[in-house]
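>>> sharing a model that was predicted from the sequence below.
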Amino acid sequence: MIEWINDHGMLAAIFALAGLSVAFGALLGYAGERFRVEGDPLVERIDALLPQTQCGQCGYPGCKPYAEAISGGDAINKCPPGGDATIAALADLLGREASPLDGEAQDAPRVAYIREDECIGCTKCIQACPVDAILGAAKHMHTVIADECTGCDLCLDPCPVDCIDMIARDDAIDAWQPPLPAGPGHRPAAQLIVSDRAHTPREATHG
Amino acid sequence: MAKAFDFPGGIHPPARKTRSTRHPIATAALPKRVVLPLGQHIGQPAEPCVAVGDRVATGTLIARAQGLISADVHASISGEIIAIESRRVPHPGGLSETCIVIEGDGIRDDWERLPALDWRHTDDATLHARLTASGVVGLGGAGFPTQVKARVRERHAIDTLVINAAECEPYISADDMTLREHAADVLEGARLMAHLSGAERIIIGIEDDKPDAAAALKAAIKAGNRDSLEITLKAFPARYPSGGEKQLIKRLLNREVPSRGLPADVGVLCHNPGTLRAALQAVRDGRPMVSRIVTLTGEALARPGNVEARLGTPMTELLDAAGLDEASLARLVMGGPMMGMELAHLDLPLVKSSNCLIAASTIELPAPPVEQPCIRCGACEEACPASLLPQQLYWFAKSQEHDKAELFNLFDCIECGACSFVCPSHIPLVDYYRAAKSDIRARAFEAQKAEHAKHRFEFRQARLAREAAEKDARRQARTQASRRPKAESAKAASKEPPTTSQTSSAASSPSANDADLKSLRIAHAAAKAAVRKAEKVLTRVSQSGGGQGQAQNADEIQDLEVQLATARENLAAIEARMAAAKEAAAEATSDSSMDTDRERAE
Amino acid sequence: MSLMHQSQVSPQPADTGRVMSWLLLATLPGITVLTWHFGLGVLTNVLLAAGLGMGLEALVLRLRRRRVRPVVADNSALVSGVLLGASLPPGTSLWLILVGMVAAIVVAKQLYGGLGQNPFNPAMVGYALLLISFPAAMTQWSAPHGIVGPDGLSFGDLLVRIIGFNSELDGSLGPDAWSGATPLDAFKHKPEAMLASEFWATTPLPEGTQTAWRNVALAWLAGGTLLLYKRLIGWQIPVSMLAAMGLLATLLYAADPSHHGSPAFHWLNGAAVFGAFFIATDPVSAATSRKGKLYYGAGIGLLVVLIRDVGAYPDAVAFAVLLMNFAVPFIDYYTQPRTQGHARPNRGIKVVQLDDEEAS
């Protein structure tokens, strides 16, 4: 055996490598079968990154269908509510290039508001709402459950009397975030007292 | 005096308390106008229950608590409601919030009190209701509603009530003065809260630089111990932040509050002396929370001291009364210099959590020095009372590596500021941590909201599917009912194929129908399993209760309920479709058998 | 946010610039004694290195378009320069110092992002580079002639030597008479057959060399004590480093006294004390947790003795420090303190549980 290897070094090497590739190939094949992940977790993971407003601005009837479309190769920049953060996260997950948002960016989170005295009770907005956030019955005034509203705009178009407005969410105090300091070389922000009393009369200072 | 244990780290900032403890607590002049913000506590803001133009007396309820964690707001002077509008409030970002503005004449002070109660002879439910109706919140600075804390017994077994009289932050002396003058009230309040929580003993933790308050407490303990409750006073050397709840419990009882847990998790309830006095006043005197004791100090004040002031009083009035020299005022701080917030305006109202106002000159609290690079010297680590690695957290917070920051226990940081105090590079470390924490929380909140919206969307989809399936089933039943007699009457004549038009049940050949039925059966089993799982998770979560805070738990339960409903809708939809398919299958077989019969007959 | 700051309310030196100034002050005894024994060449080293350090730092900051003044004011480049200067053989050529300082300030510090970002001790990077690139020049220490003595260098000679391009081969200055080996170097190259006692009996070194080195070590110790007293450094690193050195040296010495130096020999010669108090304690490149500092110091101590006894170089503080700098992230990771409220400290990689028991 050893003599044979000595005599036919080249062949021995080829056999050894071939044997190794067969063995590892078998191992990989077995592992692939044995540890296969059920279902399609990629769609779930994409779905988890989407903002779940279910607004349909991407052209799909909800976030999950869009997630399926992305995993099928659709562009990742079709989600205005998610904005650049979502695009970046998707690009990160999928290893694709982050591209600019296709559509208008949305700034502040909004909530639908029904001007109730104008509402005619047609229930069209109720049917349009993807998250059942509008309450009401036929020929009765409707109203929006503000906590459940995702600000998707889908109720605006169906309304025959245009009595729905999108207004900014009134949660400035809750949404306030302390800023990250500027970093070395900067003086931390100090709130030196603003003495506004010097110029304004006493009575006006409360506001 | 019993043995005191120890917590790691800590610093010794200059105390600067004597300036405000020279005179007894004064009563501030009755303000002519008060501004009462609706969110003076942690949790949801209260909802106004008065209208502009209403006349109110001192103590009238003007805004009702909303949700689990919230507190009532009461009128703090008698007069007329002149506005309910957004006003600037004490807030680190200088934001505004809805406030109720009351105008009085500065002289009349009519009271609307609740009936007085003797807590020793009143049932717990009434006492809870009284605390709720009095708007008492923690006066130490955080403003946690006291009635929520009083209900702790429902979830945790409490053995010790700790009175947090350490007051370790520089400048502040409100608790010190409260104890000197109202030690008996504080102890009585502690007995009340101990009674409500089921605690068997009371421990008072105080730093040894407050000998007068300690003496007053000792005298009060001796004088007032009528019942079996064991009251101990523990004095220990001053070291910041021994007044931190977790640090104090470690120091007094050598118990460690678990990470992200509450003191109640180790059987302890912690209260500030001022809160206990306010709770007692609410019960014994029927006096809702309309005033608080606040320390007015700083070098820009000619007459520093402690005053009992009505809530909503403009800070300018209080500071002017204490002799504010505006020329030397450089910074106005609410709270202590370590954890307090800087205010950019003087015209803000006093709120329930304002324990101290420091009108500081440039000399005593100079502007922050320029931040320099971290040299990893480790001074912060030596100072950290939670044994964190502040500089690692700093790197992670700065580069927004939130997952790593969490791995290094960012959320165990109590934001005491000891690390910022000692940092030789003047890095505002706590600012970094606050920013990182709030960003993490905001993202988690967004994710939770998205998850919730997703569940509601799925629920809607499931509901629509069920409705469609049910409609189908009904239609099928109708067509069948109309077809059967027809089929029977014209047995031989009819050559047309079965006319079930529906998609899922329109299986013309028996084998396709079988496959369809099979996949529906699988889906049915899966939907059943999903319902069972949702039920299980829901029961588990609702039973385990909230160590994490009730509000969050409630949200979670609500979300799980939506999930359960979704699963049920899905199940119902599949059942409906299955019923339809079975019907169709039975019909198909009968049809085919009819056909064969027919063929045979022919 | 803390609105109070220690540096503003207490007499303790508590800002980076002042910490560095105290550090410089603490190097004075060591530098003075070095100069006393080894002549003005020490001073020229220190001054040149410090000046070059400041200059290079300012230059690189300008190139990086950063603000120069506040950064240079933290004195950290000055400290790096002084420390490197004090480790070089007296009267080192300006060009060598320049090469060393470029390696230290430009490569090891600024290219990594400046103060606080450098994983390696800048002064020791410079020193190690010089030692490897110019071994002859770097191991030739002058004999202890005193500041001005009959055999000492005249100021003019010194100047020529410093500016000279090729100091090691400059025959006119009489390198044999003027310079020689350090005790560590001599002991390392003693004949294999010779016992230690015999070796020292042959007086292998110029007179007073051992005394001079002992005095220098004691002077560094004095400076280090000042640092400890002012709490500018922790006790962990110096103590664990010297203790580990002593322990390993004792073991080796007990096993074979004729071929290994005694613990005192290791402590008092070379850069042991200097390294323990001034080099290893550089907070930027050292381990950060208290326990980690103990391991870090001990690692340096062990490596120093090992390299001195077994390795190719007579002294090893620079290599030991750099090697342990490599290990700092590892040490830090495994020495995290137990956070209050946690049952045990963080260790290892956290496995995220994806689903609850239903998944299994």
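Good, I have the coordinates. Residues are numbered from 1 along each chain as shown, chains lettered A, B, ... in the order given.
>>> quick one: the longest helix anywhere in chain A near chain C?
In chain A, ranked by residue count with DSSP state H as the criterion, the top helix is helix A:9-34. No: Helix A:9-34 does not reach chain C (Cβ under 8 Å from any Cβ of the partner chain); its nearest approach is 15.9 Å. C-beta coordinates here come from the backbone N, C-alpha and C atoms, glycine included.
>>> for chain A, which residue gets nearest to chain C?
Nearest residue of chain A to chain C: residue A:185, at 5.7 Å (Cβ to the nearest Cβ).
>>> nearest residue to that residue other than its sequence neighbours?
Closest residue in space to residue A:185, ignoring its immediate chain neighbours: residue C:67 at 5.7 Å, by Cβ to Cβ, 6 or more residues apart in numbering or on different chains.
>>> run a quick neighbour tally on that neighbour.
Residues near residue C:67, counting by other Cβ atoms under 10 Å in any protein chain shown, number 13.
>>> same check on the one 10 residues further on?
Neighbourhood size, residue C:77 [other Cβ under 10 Å]: 29.
>>> just the helices in chain A please.
A:2-7, A:9-34, A:41-49, A:63-71, A:83-94, A:124-128, A:172-175.
>>> the residue nearest to residue A:185 in helix, strand or coil?
Residue C:67 falls in the coil class when you classify it by DSSP: H, G, I helix; E, B strand; the rest coil.
>>> swap in residue C:325?
Relying on three-state DSSP, one would call residue C:325 helix.
>>> that one contacts residue C:285, correct?
Yes: between residue C:325 and residue C:285 there is a contact under Cβ atoms under 8 Å: 4.8 Å.
>>> so which residues of chain B form helices?
Going by DSSP H, chain B shows helices at B:124-134, B:146-150, B:174-197, B:211-224, B:245-253, B:273-280, B:315-321, B:379-383, B:390-398, B:402-407, B:418-422, B:429-489, B:510-544, B:550-601.
>>> about what we covered before: would you reformat the helices of chain A as TSV and include mean neighbour count, mean pLDDT and distance to chain B?
Listed next are those as TSV, based on neighbours: other Cβ atoms under 10 Å in any protein chain shown; pLDDT from 0 to 100; distance: least, Cβ to the nearest Cβ, whole Å:
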stretch	mean neighbour count	mean pLDDT	distance to chain B
helix A:2-7	9	81	52
helix A:9-34	10	90	22
helix A:41-49	17	83	7
helix A:63-71	21	86	7
helix A:83-94	16	84	9
helix A:124-128	18	87	10
helix A:172-175	14	70	5
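>>> and these as JSON lines, adding distance to residue C:225?
As requested, those are arranged in JSON lines below (distance: least, Cβ to Cβ, whole Å):
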{"stretch": "helix A:2-7", "distance to residue C:225": "69"}
{"stretch": "helix A:9-34", "distance to residue C:225": "62"}
{"stretch": "helix A:41-49", "distance to residue C:225": "58"}
{"stretch": "helix A:63-71", "distance to residue C:225": "66"}
{"stretch": "helix A:83-94", "distance to residue C:225": "53"}
{"stretch": "helix A:124-128", "distance to residue C:225": "79"}
{"stretch": "helix A:172-175", "distance to residue C:225": "54"}
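>>> residue A:141 is nearest to which of these?
For those, proximity to residue A:141 was assessed by Cβ to Cβ; helix A:124-128 is nearest, at 11.6 Å.
>>> residues making contact with that closest one?
The list of residues contacting helix A:124-128 from outside it, by Cβ atoms under 8 Å, 6 or more residues apart in numbering or on different chains, reads A:114, A:134-136, A:142, A:154-155, A:157-160, A:164.
>>> again with stretch A:27-46
Counting by Cβ under 8 Å, 6+ apart, A:64, A:67-68, A:70-71, A:90, A:93-94 sit against stretch A:27-46.
>>> quick check: end-to-end length of that stretch?
One end of stretch A:27-46 sits 31 Å from the other (Cα to Cα, to the nearest Å).
>>> show me the contacts for the most centrally placed residue in chain A.
Nearest to the mean C-alpha position of chain A, counting by Cα atoms, centre = their mean, stands residue A:50 at 2.7 Å. Going by Cβ under 8 Å, 6+ apart, residue A:50 touches A:63, A:66-67, A:79, A:82, A:86, B:450.
>>> and which of those is nearest to residue C:74?
Nearest to residue C:74, judged by Cβ to Cβ, of these is residue A:86 at 41.4 Å.
>>> OK, contacts around the closest residue in space to the closest one that isn't next to it in sequence?
The shortest distance from residue A:86 to any non-neighbouring residue, by Cβ to Cβ, 6+ apart, is to residue A:79 (5.3 Å). By Cβ under 8 Å, 6+ apart, the residues touching residue A:79 are A:50-51, A:57-58, A:66, A:86-87, A:101.
>>> about what we covered before: and the residue nearest to the centre of chain A, how far from residue B:447?
11 Å (Cβ to Cβ, to the nearest Å).
>>> for the residue lying closest to residue B:259 once chain neighbours are set aside, helix, strand, or coil?
Spatially, and ignoring its direct neighbours in sequence, residue B:259 is nearest to residue C:341 (4.1 Å; Cβ to Cβ, 6+ apart). For residue C:341, the assignment made with three-state DSSP gives coil.
>>> residue B:236 reaches residue B:251, doesn't it?
Yes: Residue B:236 lies in contact with residue B:251 (Cβ under 8 Å); the separation is 6.1 Å.
>>> residues touching residue 183, list them.
Using chain A. Neighbour list for residue A:183: B:371, B:398 [criterion: Cβ under 8 Å, 6+ apart].
>>> wrong one, I was asking about chain C
C:205, C:209-210, C:213, C:265, C:269-270.
>>> near chain C, which residues of chain A?
Within chain A, the positions near chain C by Cβ under 8 Å from any Cβ are A:184-185, A:188.
>>> out of those residues, who has the most neighbours?
Using other Cβ under 10 Å as the neighbour criterion, residue A:184 leads those with 21 neighbours.
>>> got a list of what that residue touches?
Residue A:184 touches B:371-374, B:425, B:427, C:116, counting by Cβ under 8 Å, 6+ apart.
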